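> structure for this input, please:
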Amino acid sequence: MPAVTVEHRGAIAIIRINRPERLNAISQAVAVEMQQAFQQFDADPDRRVAVLSASGNRAFSSGADVNDLPELWRAIPNVGYHTDKPIIAATSGWVVGGGIVMVMMCDLLVSSADTQFYYPEAKLGTTAGGISSLAARMPHHLAMEIMLLGSKITAQRAYDVGFVNRVVANGEHEAAALGMAEQLLDSAPLVIAALKRLVNEVMPGGPIERMVAISQTVAKVRQSDDLQEGIRAYKEKRKPRFTGR
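Next up, the predicted model:
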């Protein structure tokens, strides 16, 4: 069974975490498959909007799977993958830890009334740091309350401060997100893409976002043919023949 499923409804892609038996905890497979699904969505000329959702209604995600810790950054918009196409998050039930990081980086967010946002890492003695960007997406003191005190925040409170776009009846979150996606299909794709790019330039990048970007740049060099050629040339005492690959 895939850890992430993809459903196409015309120009809309619905990408769901598919581990309801584990409250959609983010495992290694979820992170990798999420990254792949969104990369394919970005490359597909027939898809214009994505809805990020999850199977079942008990939890959008219970956070990182402590029994199968993921490279969480892979599943995060604008970090593990990039697209100029809009992404709408649809949540119900628990949105915990890394689940908050995933949805806060989406362009729009619809939550069912029973959604609760919860970041317990300070109580568990660990953090990956990605949550720090929450302070750029909701009032500072509320973000700190979530991070430092581990307060559970309801969908209504998140809506009241502008973190959530719409609160809908339980079970209606995905339908509401699809309705929003249909509205986006009536707009010019080039304008939507341009506005998203410009907004991403305005939004401050957190330390984890910068770290991942730097590590990816360095990794391309370390994994390159040119590096291997440089090592061979050094050992053979000759001039290297670099190809830029």
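
> residues contacting Glu201?
Listed by C-beta atoms under 8 Å, 6 or more residues apart in numbering, Glu201 has no contact partners. In short, each C-beta sits where N, CA and C put it, glycine included.

> all strands for this protein, in order.
Taking DSSP state E as the test, the strands found in the chain are 4-9, 12-17, 49-54, 59-61, 87-91, 94-96, 108-112, 116-118, 153-154, 166-168.

> of all those strands, which one is nearest Gln216?
strand 87-91 (19.9 Å; C-beta to C-beta).

> and for that closest one, what's in contact with it?
Contacts with strand 87-91, where a contact means C-beta under 8 Å, 6+ apart, come from 38, 49-54, 60, 77, 99, 102-103, 106-112, 115, 155, 173-174, 176-177, 180-181.

> nearest to Asp42, out of the strands of the chain?
Among the strands of the chain, strand 49-54 sits nearest to Asp42 (C-beta to C-beta), with 8.8 Å.

> what's the angle from that closest one to strand 108-112?
The directions of strand 49-54 and strand 108-112 differ by 40 degrees, with axes from the mean of the first three to the mean of the last three C-alpha atoms, to 10 degrees as the criterion.

> for strand 49-54, packing partners?
Counting contacts by 3 or more C-beta pairs under 8 Å, 6 or more residues apart in numbering; DSSP states H and E, strand 49-54 is packed against strand 12-17, strand 59-61, strand 87-91, helix 173-185.

> tell me which of these sits nearest to Ala43.
Nearest to Ala43 among these is strand 12-17; the distance by C-beta to C-beta comes to 11.4 Å.

> would you confirm that Gly56 contacts Asn24?
Yes. Using C-beta atoms under 8 Å, Gly56 and Asn24 qualify as a contacting pair, with a distance of 7.2 Å.

> sorry, back to before: can I get the strands of the chain in JSON lines including mean neighbour count and mean pLDDT?
Shown next, in JSON lines, are those (neighbours: other C-beta atoms under 10 Å; pLDDT from 0 to 100):
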{"stretch": "strand 4-9", "mean neighbour count": "16", "mean pLDDT": "98"}
{"stretch": "strand 12-17", "mean neighbour count": "23", "mean pLDDT": "98"}
{"stretch": "strand 49-54", "mean neighbour count": "26", "mean pLDDT": "98"}
{"stretch": "strand 59-61", "mean neighbour count": "28", "mean pLDDT": "98"}
{"stretch": "strand 87-91", "mean neighbour count": "28", "mean pLDDT": "98"}
{"stretch": "strand 94-96", "mean neighbour count": "25", "mean pLDDT": "98"}
{"stretch": "strand 108-112", "mean neighbour count": "25", "mean pLDDT": "98"}
{"stretch": "strand 116-118", "mean neighbour count": "21", "mean pLDDT": "98"}
{"stretch": "strand 153-154", "mean neighbour count": "19", "mean pLDDT": "98"}
{"stretch": "strand 166-168", "mean neighbour count": "20", "mean pLDDT": "98"}
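
> let's have these in a markdown table, adding distance to Val218.
Shown next, in a markdown table, are the strands of the chain (distance: least, C-beta to C-beta, whole Å):
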| stretch | distance to Val218 |
| --- | --- |
| strand 4-9 | 28 |
| strand 12-17 | 29 |
| strand 49-54 | 29 |
| strand 59-61 | 29 |
| strand 87-91 | 27 |
| strand 94-96 | 31 |
| strand 108-112 | 33 |
| strand 116-118 | 33 |
| strand 153-154 | 36 |
| strand 166-168 | 40 |
